[in-house]
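Asker: next input, structure requested:
(one chain, ligands or ions: 1)
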Amino acid sequence: MQFSKISSEIFQKIQNLLGATNVIVDKEKMYDYSHDEFAALSHTYFPEVVVKPKNTGEVSELVKLANREHVPITPRGGGTGLCGGCVPIFGGMVLSLERMNRVVEVDRQNLMAVAEAGVPLEQFYHAIEAEGLFFPPHPGDESATIGGVIATNAGGARAVKYGVIRNFVRGIEVVLPTGEITRIGGKLIKNSSGYSLLHLMIGSEGTLGIITEATLNLYPPPEMLATLVVPFATLHDAIETVPAILQNKIIPMAVEFVDQESLQITEEHLHKKWPCPNGKAHLMVILDASQEDELMQLAEKVSAICEEHNALDVVIAMDKQKQRNILEIRSKIYEAMRNAMVEILDLTIPRASIAAFVNAVDDLSQRYGMWCPTYGHAADGNVHTHIMKARFVQGAWQITPGWEEKYPKLRKEIHELGHEFHGMVSGEHGIGLVKKEYMPGFLDAAQLQVMRNIKATLDPNWVLNPGKIFDPKEKV
Ligand SMILES: Cc1cc2nc3c(=O)[nH]c(=O)nc-3n(C[C@H](O)[C@H](O)[C@H](O)COP(=O)(O)OP(=O)(O)OC[C@H]3O[C@@H](n4cnc5c(N)ncnc54)[C@H](O)[C@@H]3O)c2cc1C
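Answerer: Numbering: from 1, shown residues only. A predicted model of the protein is given here:
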């Protein structure tokens, strides 16, 4: 695929449109836009220019220019992605939505909010909570943006009870790859009006359109929460408990599983204590209810189920500060392990198979002599295996000899295992740059061809985020 470089004439047009301060060409300043969370470790590609439009009209003009001149254009939100999705591998423009950061409206009557695509989640949660409302999805990094979480169909711990981002998007404004602006859906709960372009755009990773604004569904907030921390002697016991909780008609807000070794590393990193020092594996269960009696009954029922399944202890935190402390340790495991991590995988498998899958990953990990802790969302089958290049021994990270050669083979085998377990390559992070090689292993040829046809129809010049999900050379 041949793309054009940004000529001085194209550059001048961009500057005339946005003003010099909203166009970056200085290499040092462009570093932040050359990678995301995954690629920070290994995949860095510089754009020729970073552009920062202020409104949808400017986005549309930039996309029209890119399409006309065959210049690649890559949308970027918070850059917290974990698969190289916003990395400009063919150069061209990185279009950062950081200046489109207004929460336009919180509509209490319709229980909807309208926000520009560049609004970071943290800002969005504050705006919603200030109106006494609740936005249930909670992907782990609050510097992710509204546009980014829609483009990746992000999930997070609360997906067990409330579902992923897709379940909350009611309308979007999108700039198509030709530069046309379209508004899809609206403040509607139901909509059966032809093919759902809304759901086509959600999860399309910036390859089919640039989302500039979104209308999102809100909920009344839960009145009260309880957080349970439950240690087990084995990961198997911990994970086998989860279906029993669900079969007892209890749908917790979150059920996370995590191994003791990862917790200890995080405790040391944060200088904070997890409430249970014993056990090899832990469940963290968050329950919500509208009344205290109801919450206590739920907590007692979950405790009893855990005890029936060999729990070593059950700690119930009702106090907000204790709950925050537990959640912080769970949320910061990634940060504590990051520098010793090669990759965080995102396979999703039928939830009844989690224990068997984790055991099989453990066997592989031992065969390769590389530590692969698996933790994540225990009740929705989304297992985040971490491929580590080092292990924390006696207070220091010790590099695993030969990890560079072992990593690609181990990675491939774990994905093959995911396929054997009837899973999918990504549950919430997306495909981006680094997982597209696995697409043919998980999706059949007919599906892949339909996807490529859709891409070619909407983006005939393949200028929008090329090289993500597919290679441009696979152009139909
Ligand atoms: C510590 C940590 C914890 C995380 N926890 C979770 C988790 O629990 N669940 C989860 O799902 N993810 C999680 N993630 C991954 C990440 O936060 C999500 O993938 C998030 O959705 C990315 O949003 P972003 O704004 O940072 O997007 P970016 O990384 O900037 O971009 C991601 C993709 O979206 C596209 N894109 C961005 N904005 C737009 C737009 N306006 N229009 C069209 N395309 C766009 C980009 O081109 C790219 O393909 C975590 C990441 C970290 C670092």
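
Asker: list the residues that contact V242.
Answerer: Contacts were defined as CB atoms under 8 Å, 6 or more residues apart in numbering; by that measure V242 touches 255, 257, 283, 351, 354, 378-379. Quick note: C-beta positions are derived from backbone N, CA and C, even for glycine.

Asker: so it is in which element?
Answerer: Using DSSP states H and E, V242 maps to helix 235-247.

Asker: who does the helix or strand following that helix pair with, and is each partner parallel or antiparallel?
Answerer: As assigned by DSSP H and E, the chain's next helix or strand after helix 235-247 is strand 254-259. Sheet pairing of strand 254-259 (DSSP bridges) gives strand 281-289 (antiparallel), strand 374-377 (antiparallel).

Asker: any residue of the last one touching the ligand?
Answerer: Think strand 374-377. No: judged by CB under 6 Å from any ligand atom, strand 374-377 stays clear of the ligand, getting no closer than 7.7 Å.

Asker: now that strand: how far from the chain's centre is it?
Answerer: Mean-position distance between strand 374-377 and its chain equals 14 Å (CA atoms, centre = their mean, to the nearest Å).

Asker: and the contacts of that strand?
Answerer: Residues contacting strand 374-377 (CB under 8 Å, 6+ apart): 155-157, 159-160, 254-259, 262, 333, 358, 361-362, 382-386, 427.

Asker: and it, C-alpha only, in CSV?
Answerer: The C-alpha coordinates for strand 374-377 follow below in CSV (Å, rounded to 0.1, in the frame of the first residue of the first chain):
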residue,chain,number,x,y,z
THR,A,374,-2.9,-15.0,35.2
TYR,A,375,-5.4,-12.7,36.9
GLY,A,376,-8.4,-10.8,35.9
HIS,A,377,-12.2,-10.8,35.6
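
Asker: got the residues of the stretch 151-300 of the chain near the ligand?
Answerer: 151-152, 154-156, 205-206, 210-211.

Asker: kindly recompute the last result at 8 Å.
Answerer: Residues of the stretch 151-300 of the chain lying near the ligand by CB under 8 Å from any ligand atom: 151-157, 164-165, 174, 201, 204-207, 209-212.

Asker: could you do the stretch 1-150 of the chain as well?
Answerer: So far as CB under 8 Å from any ligand atom goes, the stretch 1-150 of the chain lies against the ligand at 36-37, 74-83, 85-86, 97, 117-118, 120, 138-141, 143-150.

Asker: okay, now the unreliable bits of the stretch 201-350 of the chain?
Answerer: Counting by pLDDT under 70, the stretch 201-350 of the chain has no low-confidence residues at all.

Asker: map the structural domains onto the sequence of the protein.
Answerer: The chain breaks down by automatic domain parsing into domains covering 8-98, 103-217, 224-331, 335-420.

Asker: how about the helices in the stretch 201-350 of the chain?
Answerer: Taking DSSP state H, counting those that start in this stretch as the test, the helices found in the stretch 201-350 of the chain are 235-247, 260-270, 292-308, 320-331, 333-337.

Asker: what are the buried residues along the third one?
Answerer: Of all the residues in helix 292-308, those buried under the rule 16 or more other CB atoms under 10 Å are 295-296, 298-299, 302-303, 305-306.

Asker: mind checking the SS state of V87?
Answerer: Per DSSP: H, G, I helix; E, B strand; the rest coil, the secondary structure class of V87 is coil.

Asker: so it versus F46, what's the distance?
Answerer: 10 Å (CB to CB, to the nearest Å).

Asker: between those two, what contacts are shared?
Answerer: Shared contacts of V87 and F46, counting by CB under 8 Å, 6+ apart, come down to S34.

Asker: of those two, who's got more company?
Answerer: When V87 and F46 are compared for neighbours, V87 comes out ahead with 29 against 16, by other CB atoms under 10 Å.

Asker: now do the contacts for the more buried one.
Answerer: Counting by CB under 8 Å, 6+ apart, V87 has contacts 34-36, 39, 43-45, 74, 432-433.

Asker: how about a markdown table for those, with secondary structure added?
Answerer: Putting those into a markdown table (three-state DSSP) gives the following:
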| residue | secondary structure |
| --- | --- |
| S34 | coil |
| H35 | coil |
| D36 | coil |
| A39 | helix |
| H43 | coil |
| T44 | coil |
| Y45 | coil |
| T74 | strand |
| G432 | coil |
| L433 | coil |
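
Asker: which among these count as buried?
Answerer: Buried by 16+ other CB under 10 Å: 34-36, 39, 43, 45, 74, 432-433, out of these.

Asker: coming back round to it: got TSV for the contacts of V242, with neighbour count too?
Answerer: Output for the contacts of V242, formatted as TSV (neighbours: other CB atoms under 10 Å):
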residue	neighbour count
V255	27
F257	26
L283	28
R351	20
I354	28
A378	29
A379	25
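
Asker: which of the contacts of V87 scores worst on pLDDT?
Answerer: Lowest pLDDT of the contacts of V87: A39, 71.

Asker: any idea how far it is from P466?
Answerer: 16 Å.

Asker: what does V393 give?
Answerer: 43 Å.

Asker: between the two, which has more neighbouring residues?
Answerer: Just comparing V393 and P466: by other CB under 10 Å the higher neighbour count belongs to P466, 23 against 8.

Asker: that one against V71, yeah?
Answerer: No: using CB atoms under 8 Å, P466 is not in contact with V71, being 10.4 Å away.

Asker: identify the contacts common to the two.
Answerer: F3.

Asker: right, and the strands paired with strand 254-259 - which one's nearest M93?
Answerer: Nearest to M93, of all these, is strand 374-377, at 34.7 Å by CB to CB.

Asker: show the subsequent helix or strand relative to the closest one.
Answerer: Downstream of strand 374-377 (by DSSP H and E), the next one is strand 382-388.
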